[in-house]
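Novice: sequence and predicted structure below; questions after.
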Amino acid sequence: MMILTGKTLVSALRPPYPYGSEFVGQFLFALRLCWLPLLISTVAVSYGAPGLQAANFLILFGALDRLGGFFVLAIIREFAPFVCAIIVAGVAGTAITADLGARKIREELDALQVLGVDPVKNLVVPRFLALMLVTGLFDIFAIIFGITGGLIATLVNGAPLGPFWATFFTNASTTDLWGSLLKCTLFGAITAIVCCYKGMTASGGAEGVGKAVNQAVVITFLGVFAFNYVFTQTLLATHPEIQVIR
Amino acid sequence: MGGWLALPKEWIGSFGSIAKFSGKILKQVYTLRVLHFFGETLRQCGVLILGSTLVIWGLVFIVGLQCGIEGAYFTRAQGAPAYSGVFAAWCDLREIVPYGFGYMMAAKVGTGIVAELGSMRISDEIDALEVMGIDSVLFLCATKLLASWLVLPFMYMAAVGAGFFASYLAVVQQIGEVSPGGFSLIFWMFQNPPDLLYSVIKAMVMATAIVLVGCYYGYHAGGGPVGVGTATAKSMVMNIVLVHLIGMLGTQVFWGANPRAPIGG
């Protein structure tokens, strides 16, 4: 997998760049598949987990207006990137593994190589770039819809929205936002590499493709969560100013 | 515009048949017809325990660590680091452990079922079962559902334990601003057995939905090796959305109107 990562990076940068149209195709493909699951999931997660539970807790202290500040931590830093990664891995990643695995089984990849077309450059690189871009951009949508979930939770508790926005914007910082975007983009890269690798090494007929998808999702999830832990820890430790509650 | 609405259309189209198929499996389990194949059920239990337990515990452990550091930093910022136990208790037991469990169930068990049943369908093994006079839905799907009901409550409780242990490690050993005793006091004060029961119910509803969706997509796979891969991918989409929705509804039902915290009246 590391070798594939290296090859992908090298052949993405080195000319010629024949993967333009494939890149656009994959980008639209991921966008088409993911938008609805992402929308439903982010609203559901943020309404349930941070919204209701944190609102319950804050109401006990009569401080529901702090919910906005909590949402900076919960949505921007944690839930939006991780829901994004889960959706992109589960939806677009599995589709990529299934697609590449089927091509491998039907020996199309070998045929490409015989024709002198580099499968890494023409198949992996566009998917890698497209997933990175799509996951990073989806992060914005996840944040927007996650905050919508928080707004619903506030409204359900019968509180006005003004204090929510006030504490939200006093606590939000640029560091949080770029941290979130960077994290999400890297999640996309992990997903793309694992899924392409598992798809291109599938073997053993129909069962092999199914198994490849299975393993790809499991490895992606573990990788994403482990990376998330390390990244969050590093970000929080190196940027103490984002921990301050204003 | 073609592809943009394909997914919701497909969900609406297949919802009825998934519900019908699930009803059939549930009926077979509840009327205890599934006990004809109790040996196969036990074998499925074994597959579940040996194949999936460690992966699920591993993921829950990682999200537990995550909960721990977020909680520790958040409560430190509030000026109350002694209370990071509250964050860990609520975050682990009520939200993150069920979600982590659901994600890994969908990824490992759900897609595994689709891959297995799908390849059996493609190589005509399911038809062969029918020809031999064995009810294939009963033999393949109902046994899996019963097996997951037998194994998963216990596995889930152990997973909650793994999450708690990870939060303890992160808060007490790694960040180190709370003493072990102080952490435990707050941690156990903010949860009680009914919370664990609700959490188990939430996770079991997720697990049931995942097994049923996996069985449906695997049993109805078609179109060669490509078909199996596509069915696996489709089941994953459905499962992830279901996990999130069930998580939200569970929170609303169990904790929405009653925070169950030892504060105030």
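Specialist: Nice, thanks for sending it over. What you are looking at is a predicted structure, and each value in this text was computed from that prediction instead of being measured. Numbers count the residues shown, from 1 in each chain, chains lettered A, B, ... in the order given.

Novice: what residues does the stretch 101-250 of chain B have near chain A?
Specialist: B:103-104, B:106-108, B:111-112, B:114-116, B:118-119, B:122-123, B:224-233, B:236-237, B:239-241, B:244-245, B:247-250 (CB under 8 Å from any CB of the partner chain). Every residue, glycine included, has its C-beta placed from N, CA and C.

Novice: any of the residues you listed buried? List them.
Specialist: Buried by 16 or more other CB atoms under 10 Å in any protein chain shown: B:103-104, B:106-108, B:111-112, B:114-116, B:118-119, B:122, B:225-233, B:236-237, B:239-241, B:244-245, B:247-248, B:250, out of these.

Novice: so which of these are in helices?
Specialist: The helices, defined by DSSP state H, take in B:103-104, B:111-112, B:114-116, B:118-119, B:122, B:225-233, B:236-237, B:239-241, B:244-245, B:247-248, B:250 from those.

Novice: which stretches of the stretch 51-200 of chain B aren't confidently modelled?
Specialist: Regions of the stretch 51-200 of chain B meeting the criterion pLDDT under 70 are absent.

Novice: and with 90 instead?
Specialist: Low-confidence segments of the stretch 51-200 of chain B (pLDDT under 90): B:51-53, B:62-96, B:107-108, B:111-112, B:115-116, B:118-125, B:130, B:133-140, B:168-195.

Novice: okay, strands next: where are they in it?
Specialist: Assigned by DSSP state E, counting those that start in this stretch, the strands in the stretch 51-200 of chain B number zero.

Novice: closest residue of chain A to chain B?
Specialist: Nearest residue of chain A to chain B, counting by CB to the nearest CB: A:G210, 2.5 Å away.

Novice: wait, that residue touches B:T232, no?
Specialist: Yes. Counting by CB atoms under 8 Å, A:G210 does reach B:T232; the two are 5.2 Å apart.

Novice: tell me the contacts of residue 185?
Specialist: Defaulting to chain A. A:T185 makes contact with A:M132, A:L133, A:T135, A:G136, A:D139, according to CB atoms under 8 Å, 6 or more residues apart in numbering or on different chains.

Novice: my question was about chain B
Specialist: For B:L185, the contacting residues are B:G85, by CB under 8 Å, 6+ apart.

Novice: for it, give its distance to B:V86.
Specialist: Noted for B:L185: a distance of 11 Å to B:V86, by CB to CB, to the nearest Å.

Novice: contacts only, for the closest residue to B:L129 other than its chain neighbours.
Specialist: Closest residue to B:L129 apart from its sequence neighbours, by CB to CB, 6 or more residues apart in numbering or on different chains: B:S136 at 4.5 Å. For B:S136, the contact set (CB under 8 Å, 6+ apart) comprises B:I126, B:L129, B:E130, B:Y219.

Novice: buried ones among those?
Specialist: Buried members of the contacts of B:S136, counted by 16+ other CB under 10 Å: B:I126, B:L129, B:Y219.

Novice: before we move on, the earlier item: restricted to helices, list the contacts of B:S136.
Specialist: Of the contacts of B:S136, the ones assigned to helices by DSSP H are B:I126, B:L129, B:E130, B:Y219.

Novice: phi, psi of B:V178?
Specialist: Dihedral pair for B:V178: phi -120, psi 140, per degrees, to the nearest 10.

Novice: tell me how many other residues crowd it.
Specialist: 24 (other CB atoms under 10 Å in any protein chain shown).

Novice: mind checking the longest helix of chain A?
Specialist: Criterion DSSP H: the longest helix present in chain A is helix A:205-238.

Novice: excluding covalently adjacent residues, which one is nearest to A:V125?
Specialist: Nearest non-adjacent residue to A:V125, counting by CB to CB, 6+ apart: A:A12, 4.7 Å away.
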